[in-house]
Every structure is written in C-alpha cells, then in structure tokens.
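Chemist: Sequence below, structure please.
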Amino acid sequence: MQIKQGKPISEVAIKQIALIGIIIILAGLICYNLSMFIPSLLGAITLYIISRKYLLYLIEEKNWKPSLAAIVIIVATLLILILPVYLIIDVLIDKLGNAQAYMQKFNVFIDKIHDFVFKEVGIDLLSKENINKLKDTAGRLSTSLLNTTFNALTVIASMYFVLYFMLISPRKFESLLESAAPFKKSNNLLLGEKIRKMVIANAIGIPVVALGQGIAGLIGYIIFGAPSPVLLFALTFVTSMIPIVGAAIVYVPICIFMIAEGQTGAGIGLAIYCLVVVGLTDNLLRFTLLKKLEDIHPLNTVFGIIAGMNIFGFLGLIFGPILVSVTILLMQVYKDEFLGRKMSPPDDELLLEKDE
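Modeler: Now for the predicted structure:
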C-alpha cells in the first residue's frame, strides 16, 4: 500500500507562524508587566470615545490648535465626569478610613438585625456562621475599596497622560486602530459604532442612573432620620450599578435596623419610600436614558461587574460590562467575517455620521 505524503509546509507559512508567535509572546510580556496601567488605558479610550465629537468640532470646525482643544477636553471631563464620582468615593473613604471603628459599628449593625429577625420570625434565618462570613466579607471589601481608591490618583494621572496624546492626533490614532483591526471595512465601521454606543451607555448612562437613585435615596434617608445619610447616599450610588438587587442591598438592612432600634414608623416609611421613589427613579432612568443610549442586557452587566471587580477593583463597575459587551460583539464580528452571518447594523443615520 502506498502512503500519500502530504504537501510540505511552505517556508513563507513557517516564517508567518513564527512571526505571529513572536508578536504574541512580546505582546503578552508587555501586557503582563504593564497590567497596572490597563485601567488607565481603558479609561483613556473611554474618555476619547465620549469626547471625540466635541474634540473634532473644536479642531476641524473652530480651527483650534490640537493641544489647546485637548487641554479643554481634559479639564471638562475632569470637572463633569471624574470629579463628581471621585468625591462620592472620597466620602466612602472618609467614612471607612478608620477600618477598626467601622467594622465594630458594622458588627453591631448586623447583630441587631439578626436579633430582630430571630425575635420576630422565630427562625434563625441568619445563622452565626453566615453572620461571621458576612462580617469577614465586608472587612475584605472595605479593605479592597480603600486600597483601590488610594491608587485612584495614579490611575487618573496616567489615564490623562495617555488621553492627551490621543486627543492631539485623533485622526492618526483612529487610522492606526483601523489599519490594525483584522476585519473588513464594513465591519470596522459597525464595530466602531457599536462600541461607541456601548461605552457611552456604560460610562455615562449607568453612573447617571446610579446618581439619580443615590440622590432619591439621600432625600429619604434625611426625611426619615436614617443614620449617616451621606454614607448611605455613597453606598446607594455604588450598589445601584448592580442590576436586579441594586440599591436594595443598602436600604433594606437600614429599614430593618431602624425598626429594630424602635423607630418602627420611620423604618416602615423609609421602606415604602425607597420601594416607590428609588425604584421608580431606577425604572424611569433605565427605560428612558439607557434604552436611548444602548439596550444592554442585564446579564452583561452582572457578569461584567463580577469579572471587572476581580480584574480592575472598584473601576470594574464601569470597565467590566464594557469588556463583556465588546467580547460578545467580537464574536458577532467573527461570525460575519468567517461564517457569513451578517451583523445587525446600527441605525442608518448613525452610519451616515462616519467622517469622510
């Protein structure tokens, strides 16, 4: 029997594979050793996408110098986007700065809720083991939040350093990205537009919804005399970014705690207020603002936050959902490029916005 010999691999293919392997290894080494700057890079890209329209208006229509336009954009994003969020996180740091005293108060808070539930229901729903786990988890989360926020200034500084060079040469930066993308031109256009909408929805829409719920919650905390209303506002703002459960993680235990403390009327009143007003604020903003920006599936947000928090810490609340959405989008691009399944295009008017 004669064995057919396969075609030998061409020398060109061997060189191509070797070059790709070297590129992957070098890129992996660079990413591994610069992993601490990944949040800065993602933040710079996010701010570039948000401010691109205004940047091009200043440079190409108003004929501003790129450096001047870049500085104006940087100052504007600092004042409008970064500073409010940083101040809210700073409130948490100020309140949680004394970790030992905070944990003592938190333990008393949990114990009172447990005793009240056990007394009223007669069932040990919150076992001692689960309470200890909850206390340990809260301690780890508060420590992680402190460490993440202490590094925030470094992340912000390096983010704006990268952003500045993106802003002074926007067309060159976009041309570089387009030439590096291994997709056909139509998919590059669709990919860019969808990413733009997802980034704006996650970076602007979700924090705005969270801020709306935080403000609505703060009003209720003040009216019904909840303890530490400013701290509760900051916690409500952060937890509101988590789909499904959201701000209930904060206001439900607070209401139970107030009832356990003997403030029955205030506790019940706060519970009704939060269910109606905070819940209505959430639904109103999600079904108007977020739907208008981009309809993001809640599971994308849930898994994105879990993965993002593990990778980026607190900043993962924003970048995690973006990464998940972009990953799913790349899968759709792959189907179109290699399996012949067309991607659903964005609105026609958005496609017409592509700059000549």
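
Chemist: Which residues are in contact with the spatially most central residue of the chain?
Modeler: Note on the chain: the residue nearest the mean C-alpha position is residue 318, at 0.9 Å, using C-alpha atoms, centre = their mean. Contact criterion C-beta atoms under 8 Å, 6 or more residues apart in numbering gives 46, 202-203, 206-207, 308 as the residues in contact with residue 318. Placement of C-beta: from N, CA and C, glycine included.

Chemist: want to try JSON lines for those, with distance to residue 87 and pLDDT as columns?
Modeler: Output for the contacts of residue 318, formatted as JSON lines (distance: C-beta to C-beta, whole Å; pLDDT from 0 to 100):
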{"residue": "46", "distance to residue 87": "19", "pLDDT": "86"}
{"residue": "202", "distance to residue 87": "21", "pLDDT": "75"}
{"residue": "203", "distance to residue 87": "17", "pLDDT": "76"}
{"residue": "206", "distance to residue 87": "18", "pLDDT": "78"}
{"residue": "207", "distance to residue 87": "13", "pLDDT": "80"}
{"residue": "308", "distance to residue 87": "22", "pLDDT": "77"}
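
Chemist: Top of those residues by number of neighbours, please.
Modeler: Neighbour counts for the contacts of residue 318, by other C-beta atoms under 10 Å, peak at residue 202, which reaches 28 neighbours.

Chemist: Which elements pack onto the helix or strand hosting residue 255?
Modeler: Element membership for residue 255 (DSSP states H and E) is helix 248-260. Counting contacts by 3 or more C-beta pairs under 8 Å, 6 or more residues apart in numbering; DSSP states H and E, the secondary-structure elements packed against helix 248-260 are helix 99-121, helix 206-223, helix 229-239, helix 264-273.

Chemist: What are the contacting residues of that helix?
Modeler: Here helix 248-260 makes contact (C-beta under 8 Å, 6+ apart) with 109, 112-113, 115-117, 217, 220-221, 224-227, 232, 235-236, 239, 242, 266-268, 270-271, 274, 278.

Chemist: let's go with 6 Å and repeat that
Modeler: Contacts of helix 248-260 from elsewhere in the structure, counted by C-beta atoms under 6 Å, 6 or more residues apart in numbering, are 109, 112-113, 116, 226, 235-236, 239, 266-267, 270-271, 274.

Chemist: where in the stretch 51-200 of the chain is pLDDT low?
Modeler: 88-111, 113-114, 117-152, 182 (pLDDT under 70).

Chemist: Just the helices from it, written as ranges.
Modeler: Remark: helices of the stretch 51-200 of the chain, listed N- to C-terminal, are 66-77, 83-96, 99-121, 128-150, 152-168, 170-180, 185-200; assignment by DSSP state H, counting those that start in this stretch.

Chemist: With just CA atoms, put the first one into CSV.
Modeler: In CSV, the C-alpha atoms belonging to helix 66-77 read as follows (Å, rounded to 0.1, in the frame of the first residue of the first chain):
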residue,chain,number,x,y,z
PRO,A,66,-5.0,70.3,18.9
SER,A,67,-3.1,70.9,22.1
LEU,A,68,-5.5,73.7,23.2
ALA,A,69,-8.5,71.6,22.3
ALA,A,70,-7.0,68.6,24.2
ILE,A,71,-6.5,70.7,27.3
VAL,A,72,-10.1,72.0,27.2
ILE,A,73,-11.4,68.4,26.8
ILE,A,74,-9.3,67.2,29.7
VAL,A,75,-10.4,69.9,32.0
ALA,A,76,-14.1,69.4,31.0
THR,A,77,-14.0,65.7,31.6
